[in-house]
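Trainee: structure for this input, please:
(4 chains)
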Protein chains: 2
Amino acid sequence: MARTTGSHADITGPRVRQAALRLFAQKGYAAVSMRAIAAEVGVQAGALYNYTPDKQSLLFDLMRGHMTELLSEADFSGAGNPLDRLRRFVEFHIRFHADRPDEVFIAYMELRNLDPANFAEIEALRRRYEDGLEAILKDGARDGVFAVEDSKIMTLAIIAMLTGVNTWFRTGGRLSLDQVVGQYWDMVRRAVGAQVER
Amino acid sequence: MARTTGSHADITGPRVRQAALRLFAQKGYAAVSMRAIAAEVGVQAGALYNYTPDKQSLLFDLMRGHMTELLSEADFSGAGNPLDRLRRFVEFHIRFHADRPDEVFIAYMELRNLDPANFAEIEALRRRYEDGLEAILKDGARDGVFAVEDSKIMTLAIIAMLTGVNTWFRTGGRLSLDQVVGQYWDMVRRAVGAQVER
DNA sequence: ATTGCTTTTGAACGCTTGTTCATTAATCTG
DNA sequence: CAGATTAATGAACAAGCGTTCAAAAGCAAT
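Mentor: Got it, this is the predicted structure:
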């Protein structure tokens, strides 16, 4: 279907989501008004409602898009040995999150501003991601290459540690992302009790 | 100085701070109105201004109180060997934070709602806490008992991992706090490359 | 130029926001 | 009981909130 006549929607629509993303991350969902988003786009507040049914959907769509992309790009195929899979996970998680600081910030900070139904959906996606890491840890424990006392705790501990990178990492800072990945991989590998490769 | 006459302030005052703490943690600073806090206390909104000059001070006082208490209870004296000091830190951090889920939540989530001057003060306190842990890691590296490539990164990684406990731990859940402390200590000890004690 | 469709404006809606303050009520001292 | 002091009320303020919608403006094809 050809694009409809007289349409700017495919230009303004993305700009609305982009402005909402930036402002929500910077000031928080509750502190950002529809008028502030509209001003960032260069439009009046009423025009936003051509692109979102309401403010809540704007937040939810941003979060769901982020979580969906996270799950689709992660490799939980199970190919390779547990140590390799864990290394790939650590590198992926750090790089993916470092590329999207605003999305990550929103996904972790604005959960409480979701309607109950929307919250449940986002939580389910997050759970699937955690389960992907936990499967790696369980396989490693089964093979005797990881020392895992409680796979759920270890999963959450690793994710918290890795996501913490986003609170301080800035491109162009003291350390390159390669160095960051290397050092976190060292810590994670030791934390799970894996023998150092020689 | 004796207490002034006709005063309820020493009853209502703490209740105001307590209500603000609970509501800020649950819904977020920007989403909580002064009227909502007043309703929780059982009072009209105007009465709150007998106990705080404004809403911002309410948030700032809660955060500063939390950080001050954290620093005053932490043991950064330097007594003992680095491995013992690190173990004490891990246990202290987990227990202190588990006891104060609302304060911790606010201290991490509401930083962006602080006025610039207030933000700077809280950040300075947080920095002092991080420096306390970093000193332990540096001493351990100096003694050759820890494998520390970058003490700043390792400091932030450990704190992120430990603070992550608060996102899932609930008293009376599957695991006791003793078990949680034990498992996180295992992971931290290995992550810093310390040899297991025998 | 006129028609038909899409997008934006700009005003308006009822409601909530943080904060102030004169007034009232409650309590303590003597 | 009288007088002093403190705490709480309740109304008011200007400003901002999310959302709606008739009207205007912009554009493409005839």
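Trainee: so the residue of chain A at minimum distance from DNA strand C: helix, strand or coil?
Mentor: Residue nearest to DNA strand C within chain A (Cβ to the nearest atom of the strand): A:Gly46, separated by 2.3 Å. (C-beta placed from N, C-alpha, C; glycine too.) Using DSSP: H, G, I helix; E, B strand; the rest coil, the structure places A:Gly46 in helix.
Trainee: how about A:Leu175?
Mentor: Going by three-state DSSP: A:Leu175 is coil.
Trainee: and it, what is it in contact with?
Mentor: By Cβ atoms under 8 Å, 6 or more residues apart in numbering or on different chains, the residues touching A:Leu175 are A:Phe169, B:Asp150, B:Ile153.
Trainee: give me phi/psi at the residue nearest to the second one when sequence neighbours are not counted?
Mentor: The reference is to B:Asp150. Closest residue to B:Asp150 apart from its sequence neighbours, by Cβ to Cβ, 6 or more residues apart in numbering or on different chains: A:Gln183 at 5.9 Å. A:Gln183 adopts backbone torsions of phi -70, psi -40, taken as degrees, to the nearest 10.
Trainee: pLDDT wise, what is the residue nearest to the spatial centre of chain A at?
Mentor: The residue lying closest to the centre of chain A (Cα atoms, centre = their mean) is A:Val104, at 4.5 Å. Here the pLDDT value assigned to A:Val104 is 98.
Trainee: so, in contact with chain B or not, the helix or strand encompassing it?
Mentor: Taking DSSP states H and E as the definition, one finds A:Val104 inside helix A:101-109. Yes: using Cβ under 8 Å from any Cβ of the partner chain, helix A:101-109 reaches chain B at A:Met109.
Trainee: what comes up buried for that helix?
Mentor: A:Pro101, A:Asp102, A:Glu103, A:Val104, A:Phe105, A:Ile106, A:Ala107, A:Met109 (16 or more other Cβ atoms under 10 Å in any protein chain shown).
Trainee: let me know the secondary structure of A:Leu79.
Mentor: Leu isn't right for residue A:79; it's Ala. coil.
Trainee: OK, contacts around it?
Mentor: A:Arg85.
Trainee: that one and A:Ile136, how far apart?
Mentor: In this view, A:Ala79 and A:Ile136 are 11 Å apart by Cβ to Cβ, to the nearest Å.
Trainee: relative to helix B:101-109, how tilted is the helix holding A:Val104?
Mentor: Helix A:101-109 runs at 170 degrees relative to helix B:101-109, counting by axes from the mean of the first three to the mean of the last three Cα atoms, to 10 degrees.
Trainee: run through chain A and note the low-pLDDT ranges.
Mentor: For chain A, applying pLDDT under 70 flags the ranges A:1-9, A:196-198.
Trainee: what's near enough to touch A:Ile106?
Mentor: A:Leu21, A:Phe24, A:Ala25, A:Tyr29, A:Leu59, A:Leu62, A:Met63, A:His66.
Trainee: strands of chain A, residue ranges please.
Mentor: Using DSSP state E, no strands are found in chain A.
Trainee: how's it carved up into domains?
Mentor: Domain assignment for chain A by automatic domain parsing gives A:9-52, A:58-191.
Trainee: close to DNA strand C, is the longest one?
Mentor: Translated: domain A:58-191. No: applying Cβ under 7 Å from any atom of the strand, one finds domain A:58-191 separated from DNA strand C by no less than 14.0 Å.
Trainee: any part of that domain near DNA strand D?
Mentor: No: on the criterion Cβ under 7 Å from any atom of the strand, domain A:58-191 is out of touch with DNA strand D, staying 8.0 Å away.
Trainee: could you report the neighbour count for A:Ser77?
Mentor: Using other Cβ atoms under 10 Å in any protein chain shown, A:Ser77 has 8 neighbouring residues.
Trainee: actually A:Ala39, not the one I typed
Mentor: Neighbours of A:Ala39 (other Cβ under 10 Å): 14.
Trainee: quick one: residues contacting it.
Mentor: Contacts of A:Ala39 (Cβ under 8 Å, 6+ apart): none.
Trainee: from B:Glu123, how far off is it?
Mentor: From A:Ala39 to B:Glu123 the distance is 29 Å (Cβ to Cβ).
Trainee: same check on A:Phe169?
Mentor: Taken as Cβ to Cβ, the span from A:Phe169 to B:Glu123 is 17 Å.
Trainee: repeat that for A:Gly164.
Mentor: 16 Å.
Trainee: go on, A:Ser33?
Mentor: For A:Ser33 relative to B:Glu123 (Cβ to Cβ), the value is 27 Å.
Trainee: sorry, back to before: A:Gly164 and B:Glu123 - which one has more neighbours?
Mentor: Neighbours were counted for A:Gly164 and for B:Glu123 using other Cβ under 10 Å; A:Gly164 has more, 21 against 13.
Trainee: surely the more buried one meets B:Thr155?
Mentor: No: using Cβ atoms under 8 Å, A:Gly164 is not in contact with B:Thr155, being 10.6 Å away.
Trainee: how about the longest helix along chain A: buried residues?
Mentor: Longest helix of chain A, by residue count under DSSP state H: helix A:116-142. Within helix A:116-142, the residues that qualify as buried are A:118, A:122, A:125-126, A:129, A:132-141, counting by 16+ other Cβ under 10 Å.
Trainee: just stretch A:26-39 next, same as before
Mentor: Buried, per 16+ other Cβ under 10 Å, within stretch A:26-39: A:Gly28, A:Tyr29, A:Ala30, A:Ala31, A:Val32, A:Met34, A:Ile37, A:Ala38.
Trainee: so which of those belong to helices?
Mentor: A:Met34, A:Ile37, A:Ala38.
Trainee: A:Leu83 contacts A:Ala141, doesn't it?
Mentor: No: between A:Leu83 and A:Ala141 there is no contact under Cβ under 8 Å: 12.0 Å.
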